[in-house]
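**Student:** only geometry, no sequence info:
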């Protein structure tokens, strides 16, 4: 229950006047948000209708001017209060309290971005693609294109910091298309026994 501050308390310096004004303004704003007229706000807060209008306007300015860090801290404080108040009931089996705790935890996770999606790289690099493609071409008994061989050699040199020794022949600057063994004139089979028939 909220403690009522009287004018006597203020006169005795038990409560600072600006705190009372702040509380009155926040109460006026809460009443206005609930649909109260300025006259009704004035009656409930003990001021004139004009003062009630000014209180609501001042409260709105204070809310708008609130720093983002303060808003986050205030929301987290409320969430923690809700969790504390309902934790014992949730732990003893109260389903509604448990749901409320879960809802506050979900809100807190959104507030701090804990459930934000994680970026995952599902592609392959150019070098990895070249390596896999060259291996596949070789498994078919063909010679990989020179570009793939160079890319693979460059990658090995960068990652191994050693002399690159390739297990296959780069084949020079032949006019033959890559992936096809060199032809032997117009014979149907090459000297290594390969044939396209």
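**Tutor:** Cool, got the structure. Quantities reported herein were computed from a predicted structural model and do not represent experimental measurements.
**Student:** first vs last residue of stretch 30-46, how far apart are they?
**Tutor:** 15 Å (C-alpha to C-alpha, to the nearest Å).
**Student:** equivalent analysis for stretch 137-145, please.
**Tutor:** 9 Å.
**Student:** report pLDDT for residue 185.
**Tutor:** Per-residue confidence (pLDDT) for residue 185: 49.
**Student:** care to break this structure down by domain?
**Tutor:** 7-64, 68-111, 123-183 (automatic domain parsing).
**Student:** the helices in this protein, which residues?
**Tutor:** 7-11, 17-33, 38-45, 49-64, 68-91, 95-111, 126-139, 146-160 (DSSP state H).
**Student:** for stretch 96-104, buried residues please.
**Tutor:** 97-98, 100-101, 104 (16 or more other C-beta atoms under 10 Å). C-beta: built from backbone N, CA, C; applies to glycine.
**Student:** and what of stretch 58-67?
**Tutor:** Neighbour-count burial for stretch 58-67 [16+ other C-beta under 10 Å]: 58-59.
**Student:** ok, now stretch 18-29?
**Tutor:** 24-29.
**Student:** list of residues touching it?
**Tutor:** The contact list for stretch 18-29 (C-beta atoms under 8 Å, 6 or more residues apart in numbering) reads 5, 10, 41, 44-45, 47, 52, 55-56, 58-60, 62-63.
**Student:** and those residues as JSON lines, adding distance to residue 129 and pLDDT?
**Tutor:** Compiled in JSON lines, these are given as follows (distance: C-beta to C-beta, whole Å; pLDDT from 0 to 100):
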{"residue": "5", "distance to residue 129": "73", "pLDDT": "54"}
{"residue": "10", "distance to residue 129": "76", "pLDDT": "52"}
{"residue": "41", "distance to residue 129": "69", "pLDDT": "95"}
{"residue": "44", "distance to residue 129": "72", "pLDDT": "94"}
{"residue": "45", "distance to residue 129": "71", "pLDDT": "93"}
{"residue": "47", "distance to residue 129": "74", "pLDDT": "94"}
{"residue": "52", "distance to residue 129": "71", "pLDDT": "95"}
{"residue": "55", "distance to residue 129": "67", "pLDDT": "94"}
{"residue": "56", "distance to residue 129": "64", "pLDDT": "94"}
{"residue": "58", "distance to residue 129": "64", "pLDDT": "92"}
{"residue": "59", "distance to residue 129": "61", "pLDDT": "91"}
{"residue": "60", "distance to residue 129": "58", "pLDDT": "90"}
{"residue": "62", "distance to residue 129": "58", "pLDDT": "84"}
{"residue": "63", "distance to residue 129": "55", "pLDDT": "80"}
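**Student:** residue 117: which of the residues you listed is nearest?
**Tutor:** Each of these was checked against residue 117 using C-beta to C-beta; the closest is residue 63, at 31.4 Å.
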